[in-house]
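Enquirer: Sharing a sequence plus its predicted fold:
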Amino acid sequence: MRLVFVVALSMAVQLAAAVLALTLIRLTKKWLAWSLIALALLLMFMRRAISLYILIVGNTVAVMDPLQEQIGLVLSLFMLLGVILIRPIFTERKQAEAELREMTDYLENLFSCANAPIIVWGPDLRITRFNRAFEELTGRSAEEVVGKKPDILFPEDRTEEALGYVTSASGGEHWEAVEIPILRTDGTVRTVLWNSATIYDEDGTTPIATIAQGQDITQRKQAEDGIIRLNAELEGRVRERTEELTAMNEELLEAIEQLDEATRAKSEFFTSMSHEFRTPLNSILGFTGIILDGLTGEINEEQRKQLGMVHDSGQHLLALVNDILDLSKIEVGDIKLKFSDFSMDEVVSVSIGPLRLAAEKAGLETKVEIADPDAMLHTNLRAVEQILINLVGNAVKFTESGSVGLDVSITATDRAIFRVWDTGPGIPKEDLEAIFDPFRQAGHFAAEGQPKGTGLGLAISSRLAARLGGSLTVESTLGEGSVFTLDIPVRLESTD
């Protein structure tokens, strides 16, 4: 019975090993190896089945060897264990092979589908493979490139330089942003920026391949070249314009010199003529004054009227001559300003006092407001007085009814502000732009009974204001009046 049990157990083990081997055929796809193992196990199973049958119906002593059957059982057990232990090995290997295939497929897809051109060559400098982007870059197929040296890829005039880079990369030198042009099959040249890496053997000492990745920068280079050309053109234009401006400046300087000479000549002429005019004018005014005063005898009304017109015209002409002389001196810088300290109240009293009588005679109300009468100025007193007398005189002259006024204040930035205003007819907008030009009137007409003036007062006042480090401006509304504003620094040491 014991021998029967051993034979039956051996059969069971062999059958289990055979079934497991058949299962591994399906899992590992190793048909030949596992089929042979399964066949051997099945043959051993059949032998044990025959032995068991003989044992039951035949002579066991003559046929069966108990020791042999026990050894067979042990071998069957070892065979089952071997199949069980080999299975994980094959399974792991299969899994590793699957992962390797997956990684290889991934890298192959990455290599093939990369937007950047990639090329690989061996130690012998012969190209082994490249991707689709490289094919599109060069216009060359694998049959034209693989197995050949890369000199066919470069323009003739850059081949030696490019092969030097290729050789250095094969020797282990890495490229970083190396610019190597590529010659396409259509004859055009693309500018490509390359980076490279060297692949070594298992020992890490011998290069077995070199891989290079490129970036087509042709458009960028064209744009850069265009910018360089534009910069060169711009520099050329700038040079031309600079030369033109230099020539124009020289001409302008020459014109300014000529203008200065003309201004000096004009001033000298005006000065000379003014002196020549004033001598006979003073005689005319003196003699007409004597006659009008009756010192030469009685004159009738008609004679008095005519002589009065001559006297008034002489006064007007003398005022014109004096104004021309003052304007000429200012334009050539012949007026030397002396500075002194004086109060706001002092300059206003001197400026507006004599004109109050003229305003009252014309039926005008005068208003004066000084924010700080004791505030001190350090500038040229006579120039400030001359400006204010001219401005207030014009306000009285061109205002038929209403009032004229002067407002004085000092700003936080130490500027003295004098505002001379009136309720006269105002100044037309088209006259405001040129009102400070010589021989321009401050309005359309003077008030009735007032002299029209020389038209030089505002021009002189504007230039004096500039000499005082300030400005003279005007605002006016037709039918409402005008406001002239003198803005000068509270303290001025020198204008030279």
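Expert: Looks like it arrived, so ask away.
Enquirer: In three-state terms, label the residue nearest to Ser482 when sequence neighbours are not counted for me.
Expert: Spatial nearest neighbour of Ser482, chain neighbours left out: Ser476 (3.9 Å); criterion: Cβ to Cβ, 6 or more residues apart in numbering. Bear in mind the C-beta positions are built from the backbone N, C-alpha and C, glycine included. Put simply, Ser476 is strand when judged by DSSP: H, G, I helix; E, B strand; the rest coil.
Enquirer: Contacts only, for Ser476.
Expert: Listed by Cβ atoms under 8 Å, 6 or more residues apart in numbering, the contact partners of Ser476 are Gly426, Ile427, Leu432, Ser482, Val483.
Enquirer: can you do 6 Å?
Expert: By Cβ atoms under 6 Å, 6 or more residues apart in numbering, Ser476 lies in contact with Gly426, Ile427, Ser482.
Enquirer: show me the contacts for Thr185.
Expert: Applying Cβ under 6 Å, 6+ apart, the residues near Thr185 are Gly139, Arg140.
Enquirer: Wasn't it part of a helix?
Expert: No. Counting by three-state DSSP, Thr185 falls outside a helix, being coil.
Enquirer: what separates it from Lys148, distance-wise?
Expert: Thr185 sits 14 Å away from Lys148, taking Cβ to Cβ, to the nearest Å as the criterion.
Enquirer: And Gln303, by the same measure?
Expert: On the measure of Cβ to Cβ, Gln303 and Lys148 end up 126 Å apart.
Enquirer: in the stretch 101-250 of the chain, what spans have low per-residue confidence?
Expert: For the stretch 101-250 of the chain, applying pLDDT under 70 flags the ranges 104-110.
Enquirer: Tell me which stretches of it form helices.
Expert: Secondary structure of the stretch 101-250 of the chain by DSSP state H, counting those that start in this stretch: the helices cover 132-138, 142-145, 159-170, 218-292.
Enquirer: Please produce JSON lines containing the ones you listed, extended by distance to Ile488 and mean neighbour count.
Expert: What follows is the helices of the stretch 101-250 of the chain, written out as JSON lines (distance: least, Cβ to Cβ, whole Å; neighbours: other Cβ atoms under 10 Å):
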{"stretch": "helix 132-138", "distance to Ile488": "76", "mean neighbour count": "18"}
{"stretch": "helix 142-145", "distance to Ile488": "86", "mean neighbour count": "14"}
{"stretch": "helix 159-170", "distance to Ile488": "75", "mean neighbour count": "16"}
{"stretch": "helix 218-292", "distance to Ile488": "25", "mean neighbour count": "12"}
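Enquirer: Please identify which of those is closest to Ser471.
Expert: helix 218-292 (21.9 Å; Cβ to Cβ).
Enquirer: Mind pulling up the pLDDT for the residue nearest to Ser482?
Expert: Per-residue confidence (pLDDT) for Ser476: 91.
Enquirer: Kindly report the same for Phe342.
Expert: You'll see Phe342 listed with a pLDDT of 91.
Enquirer: Do a quick rundown of the strands in the protein.
Expert: Listed in chain order, the strands found in the chain under DSSP state E are 118-121, 127-130, 178-183, 189-200, 207-216, 340-343, 365-370, 376-379, 403-410, 415-422, 471-477, 481-489.
Enquirer: mind putting those strands in a markdown table, distance to Glu235 included?
Expert: What follows is the strands of the chain, written out as a markdown table (distance: least, Cβ to Cβ, whole Å):
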| stretch | distance to Glu235 |
| --- | --- |
| strand 118-121 | 40 |
| strand 127-130 | 43 |
| strand 178-183 | 26 |
| strand 189-200 | 25 |
| strand 207-216 | 30 |
| strand 340-343 | 56 |
| strand 365-370 | 61 |
| strand 376-379 | 50 |
| strand 403-410 | 53 |
| strand 415-422 | 46 |
| strand 471-477 | 41 |
| strand 481-489 | 45 |
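Enquirer: Quick one: closest of the ones you listed to Gln95.
Expert: strand 189-200 (26.3 Å).
Enquirer: if you skip the residues just before and after it, what's nearest to Leu163?
Expert: Using Cβ to Cβ, 6+ apart, the nearest residue to Leu163 is Asp151, at 5.8 Å.
Enquirer: so which of the strands of the chain gets nearest Ala459?
Expert: Comparison of the strands of the chain against Ala459 by Cβ to Cβ identifies strand 471-477 as nearest, at 10.0 Å.
Enquirer: and the direction of the closest one versus that of strand 481-489, what angle?
Expert: 160 degrees (axes from the mean of the first three to the mean of the last three Cα atoms, to 10 degrees).
Enquirer: how near is the nearest residue to Val392 once chain neighbours are set aside to Val404?
Expert: Nearest residue to Val392, sequence neighbours excluded (Cβ to Cβ, 6+ apart): Leu355, at 5.0 Å. The gap separating Leu355 from Val404 is 8 Å, by Cβ to Cβ.
Enquirer: between those two, what contacts are shared?
Expert: Going by Cβ under 6 Å, 6+ apart, residues that sit against Leu355 and also against Val404 are Val396.
Enquirer: Which one's more surrounded, these two?
Expert: Set Leu355 next to Val404 and count neighbours by other Cβ atoms under 10 Å: Val404 wins out with 30 against 21.
Enquirer: so what's the more buried one up against?
Expert: Leu364, Thr366, Ala395, Val396, Asp422.
Enquirer: Same question for Thr473.
Expert: For Thr473, the contacting residues are Thr485, by Cβ under 6 Å, 6+ apart.
Enquirer: What is the neighbour count of the closest residue to Leu292 other than its chain neighbours?
Expert: Of all residues not flanking Leu292 in the chain, Leu307 sits nearest, at 5.6 Å (Cβ to Cβ, 6+ apart). A count of nearby residues for Leu307, using other Cβ under 10 Å, gives 16.
Enquirer: again with the one 3 residues further on
Expert: For Val310, the number of neighbouring residues by other Cβ under 10 Å comes to 15.
Enquirer: so how far is Ser403 from Ser360?
Expert: To be clear, residue 360 is Glu; Ser isn't right here. Glu360 is 11 Å from Ser403, by Cβ to Cβ.
Enquirer: actually Leu377, not the one I typed
Expert: The gap separating Leu377 from Ser403 is 26 Å, by Cβ to Cβ.
Enquirer: Then Val192?
Expert: Applying Cβ to Cβ, the value for Val192 to Ser403 is 87 Å.
Enquirer: Check Glu369 too.
Expert: Counting by Cβ to Cβ, the gap from Glu369 to Ser403 is 12 Å.
Enquirer: So those two - more neighbours on which side?
Expert: Ser403 (16 against 11).
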